[in-house]
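Asks: Okay, sequence plus prediction incoming.
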Amino acid sequence: MANLREISRRMSSIKSTMQITRTMEMISTARIRKALDRAEQAEPYKDAVTRMLANVASAGFDASQPLLAKHAEEKHVLYVLIASDRGLAGGFNISPQREVEHEMTKLAAKGVKSSVITCGRKPTEYFTYRDSAPVMSFVGISSEPNMDEADRIASYCMEGYACGDFDRVVLVYWHAKNRVEQTQVVEQLLPITKEQLTMPNKPRTPEALGKIDAKTYTDFAFDPSPEEVLGQLLPAYFRTVIFHALLDSAAAEHGARRRAMQSATDNAKEVLGNLGRTYNRERQGAITTELNEIIGGASALEDN
């Protein structure tokens, strides 16, 4: 009977957990559509800025611009890691965290310094615990990013790169392809390459990138010079890329959590089924034992 009570308690606990996971799945399902819409609404502005920049760059790509100039030697790399404030989202947090940590370890082995900007409580705690405290961190707004967050990240990156504090800036985040699928993106932010400026809808894989033909843009007359216009547009482009990545990551977070909670609910159902069968077997065994004891007792009384 003690074993039956233990199984019953465990089944009750799993049912309570399953109610929580099912509720979280429903919440994420409701939120992901809004997050995807927000990311999609920002896409036209990002494309417009990129196309405008591409037209200017085709007229006068000035490699001496601070954000375009590649540094002679790589001494310091800055990572911008966008993840989540909360867990229970499968590998949404741990995968990019380990990716960045692995790359930082490889750079350290080469004698190259590295640092990280974290967006989300989970990556902030992850690197702080490992004595690699982020140079800048944002918590509490991973599911609802704002332009102020993007501006602060962009300003820090641009000023630091222009001053030579670091020689490369890499962005790591999850891209929400749709409600179900997310892909991890590792993208160089600085220096901005000529290819980035001539492909507004740049594919995210090297294979797809190789299939894209160079675009030809109409000639424009610029006043002031294309180089000066390019210098004014680059910061706006840079902020837009970061803000869109924040929105994209927020949508991916809801998708990842929905999938993780659905998997947890399905697993809970399977465990409940197994426990139910075990409970029935134990109960049948207990009933059989009691019947045998009753029959044995009755037989003993008859013998007497």
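Replies: Okay, I see it. Residues are numbered from 1 along each chain as shown.
Asks: pLDDT on stretch 193-202, on average?
Replies: If you average the pLDDT over stretch 193-202, you get 61.
Asks: let's have the chain start at 794 instead
Replies: Sure thing, new numbering starts at 794, so read that last one as stretch 986-995.
Asks: quick one: the strands in the stretch 894-1043 of the chain?
Replies: Applying DSSP state E, counting those that start in this stretch to the stretch 894-1043 of the chain gives strands spanning 906-912, 929-931, 961-969, 975-983.
Asks: Which residues belonging to the last one are considered buried?
Replies: The neighbour-count check on strand 975-983 (16 or more other C-beta atoms under 10 Å) flags 975, 978, 980, 982-983 as buried. C-beta here means a position set from N, CA and C on the backbone, and glycine is covered the same way.
Asks: neighbours of the closest residue to Leu1023 other than its chain neighbours, just the number please.
Replies: Leaving aside its sequence neighbours, Leu1023 sits nearest to Val849 (C-beta to C-beta, 6 or more residues apart in numbering; 4.9 Å). Each residue near Val849 was counted by other C-beta atoms under 10 Å, and the total is 25.
Asks: Now find how far off-centre the host helix or strand of Val849 is within its chain.
Replies: Using DSSP states H and E, Val849 sits within helix 795-852. In terms of C-alpha atoms, centre = their mean, to the nearest Å, the centre of helix 795-852 is found 10 Å from the chain centre.
Asks: residues contacting the spatially most central residue of the chain?
Replies: Using C-alpha atoms, centre = their mean, the residue of the chain that lies closest to the mean C-alpha position is Trp967, 3.7 Å off. Taking C-beta atoms under 8 Å, 6 or more residues apart in numbering as the criterion, Trp967 is in contact with 875-876, 885, 889, 975-978, 1041-1042, 1045-1046, 1049.
Asks: give me the element the closest residue to it other than its chain neighbours is part of.
Replies: Closest residue in space to Trp967, ignoring its immediate chain neighbours: Ala1045 at 3.7 Å, by C-beta to C-beta, 6+ apart. Assigned by DSSP H and E, Ala1045 falls within helix 1019-1096.
Asks: Quick check: which helices or strands does that helix pack against?
Replies: On a contact count with 3 or more C-beta pairs under 8 Å, 6 or more residues apart in numbering; DSSP states H and E, helix 1019-1096 meets helix 795-852, strand 869-875, helix 940-956, strand 961-969, strand 975-983.
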